[in-house]
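Enquirer: sequence isn't available, so here's the structure alone:
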Ligand code: 0K2
Ligand code: SF4
């Protein structure tokens, strides 16, 4: 189809890989290169189908629990973190662990440990059953209770209403979390805040960019997998921020032409676990559907990068391999697309 000059894609920036995902995926890739296949990975390294399929083809074996890993084998823990119990189980099987937990998740674990030591009731705002929540809760199960949503606040029970603190999952909706906190504070006026934001910079920045482009968009498309909490939140944020409609796709061929048939402006973004190639494929697909102009809407810049897990880094160094990773710049461009940048405001 001929591109219609009046129709455009508003491409969110930041989008896609965050520093924690980049590090976790790189850890599996480097482990495969350095030690050779197979490398076991407990749970999905990040919640993205394409990433998991690609690493599987290269020799990663994804398992649900450590007891599926042969005794003495090498296992990578996912970016979402694990509880001390999982570490203990791995040690009991003499597994060689590479812990790819994002340092920003580890920060929340440490907060939980500290508040539990001081005997606080800890209200963990997050989604029950999500791996990150299981990992954090496992740090102090006797002190932590999970609060899934603002509606659950009324049923929270604590030992001492003056000794309560909240912490959260890193990938939640900022606005919904603030609503939960507000309602908690109505019940517990002396509720303590965590020392710094638990919802991480990447989650906040991706939601910020969507908030800016959604009111300008007839449709917003979010690239990300169904089990990716932060990707699903982007769809909700788009709808709450005024997008005419919003859809999540894993990949380009899931874009239904009917969604964009009458759209003049299509917002496009991706979750923190999504490789840029999947976004580029969607841009190409929208180009085929007559939407050829790509205009970047940037609300923050990011230059955070995390070092590889310590033991992997040490092994690479000992073998004379340079463990430092080059920064991976993102090029928001598809063949033939015109890119215009608007609203650039450096933040972090
Ligand atoms: O958004 P989720 O927590 O479900 O996880 P992913 O989609 O894998 O994104 C990366 C975040 C991992 C840890 O915070
Ligand atoms: Fe870390 Fe945030 Fe990325 Fe999660 S979303 S891996 S907490 S940077």
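Expert: Here it is on my side, so go on. Everything quoted here is computed from the prediction, not taken from an experiment. Numbering: from 1, shown residues only. Ligands and ions are numbered 1, 2, ... in the order given.
Enquirer: what residues are up against residue 201?
Expert: If you count contacts by CB atoms under 8 Å, 6 or more residues apart in numbering, residue 201 has them with 18, 104, 302, 304, 348. All C-beta atoms are positioned from the backbone trio N, CA, C, and that covers glycine.
Enquirer: please name the nearest non-neighbouring residue to the fourth one.
Expert: Yep, that's residue 304 we're talking about. residue 19 (4.3 Å; CB to CB, 6 or more residues apart in numbering).
Enquirer: quick check: that neighbour touching residue 307?
Expert: No - using CB atoms under 8 Å, residue 19 makes no contact with residue 307, being 10.2 Å away.
Enquirer: tell me the pLDDT of residue 222.
Expert: Looking at residue 222, its pLDDT is 99.
Enquirer: what helix or strand is it on?
Expert: strand 219-223 (DSSP states H and E).
Enquirer: pick out the residue of the stretch 51-200 of the chain closest to ligand 1.
Expert: residue 171 (3.7 Å; CB to the nearest ligand atom).
Enquirer: which ones are touching the closest residue to that residue other than its chain neighbours?
Expert: Using CB to CB, 6+ apart and skipping residues adjacent in sequence, the residue nearest residue 171 is residue 230, 3.8 Å away. Each residue near residue 230 by CB under 8 Å, 6+ apart is listed here: 171, 202-203, 206, 224, 271-273.
Enquirer: and which of these is nearest to residue 40?
Expert: Nearest to residue 40, judged by CB to CB, of the contacts of residue 230 is residue 273 at 19.6 Å.
Enquirer: distance check, that closest one against residue 162.
Expert: 39 Å (CB to CB, to the nearest Å).
Enquirer: neighbour-wise, which of these two wins?
Expert: residue 273 (31 against 10; other CB atoms under 10 Å).
Enquirer: just the residues contacting the host helix or strand of residue 313, thanks.
Expert: According to DSSP H and E, residue 313 maps onto helix 310-318. With CB under 8 Å, 6+ apart as the test, helix 310-318 has contacts from 27, 30-31, 34-35, 97-98, 307-308, 322-323.
Enquirer: of those, just the buried ones, PyMOL syntax please.
Expert: In PyMOL, selecting the buried portion of these, with burial taken from 16 or more other CB atoms under 10 Å, looks like this:
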select buried, resi 27+30+31+97+98+308+323
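Enquirer: closest to ligand 1 among the contacts of helix 310-318?
Expert: When these are compared against ligand 1 (criterion: CB to the nearest ligand atom), the nearest one is residue 27, at 13.0 Å.
Enquirer: so the closest one sits in a helix?
Expert: Yes - under DSSP: H, G, I helix; E, B strand; the rest coil, residue 27 falls within a helix.
Enquirer: format the contacts of residue 230 as a markdown table; extra columns: secondary structure and distance to ligand 2.
Expert: Formatted as a markdown table, these follow (DSSP: H, G, I helix; E, B strand; the rest coil; distance: CB to the nearest ligand atom, whole Å):
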| residue | secondary structure | distance to ligand 2 |
| --- | --- | --- |
| 171 | coil | 5 |
| 202 | helix | 4 |
| 203 | helix | 5 |
| 206 | helix | 9 |
| 224 | coil | 12 |
| 271 | coil | 9 |
| 272 | coil | 4 |
| 273 | coil | 8 |
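Enquirer: which single one of these is nearest to residue 43?
Expert: The closest of the contacts of residue 230, once distances to residue 43 are taken by CB to CB, is residue 273, at 12.5 Å.
Enquirer: show me what contacts that closest one?
Expert: 17, 21, 46-48, 51, 79, 224-225, 228, 230-231.
Enquirer: output those of those residues also counted as contacts of ligand 1.
Expert: For ligand 1, the contacts drawn from these by CB under 6 Å from any ligand atom are 21, 46-47, 79, 228, 230-231.
Enquirer: hang on, the earlier thing: for the contacts of residue 201, pick the one with the most neighbours.
Expert: Busiest of the contacts of residue 201 [other CB under 10 Å] is residue 18, holding 29 neighbours.
Enquirer: who touches both of residue 19 and residue 307?
Expert: Counting by CB under 8 Å, 6+ apart, nothing touches both residue 19 and residue 307.
Enquirer: may I ask which helix or strand of the protein has the lowest mean pLDDT?
Expert: strand 338-342 (a mean of 35; mean pLDDT, DSSP states H and E).
Enquirer: name the residue of this structure that lies nearest to ligand 2.
Expert: Closest point on the chain to ligand 2, by CB to the nearest ligand atom, is residue 20, at 2.4 Å.
Enquirer: which residue is the nearest non-sequential neighbour of that residue?
Expert: Closest to residue 20 by CB to CB, 6+ apart is residue 102, at 2.9 Å.
Enquirer: report the contact partners of the one you found.
Expert: Taking CB under 8 Å, 6+ apart, one finds 18-21, 23-24, 79-81, 170, 200, 306 in contact with residue 102.
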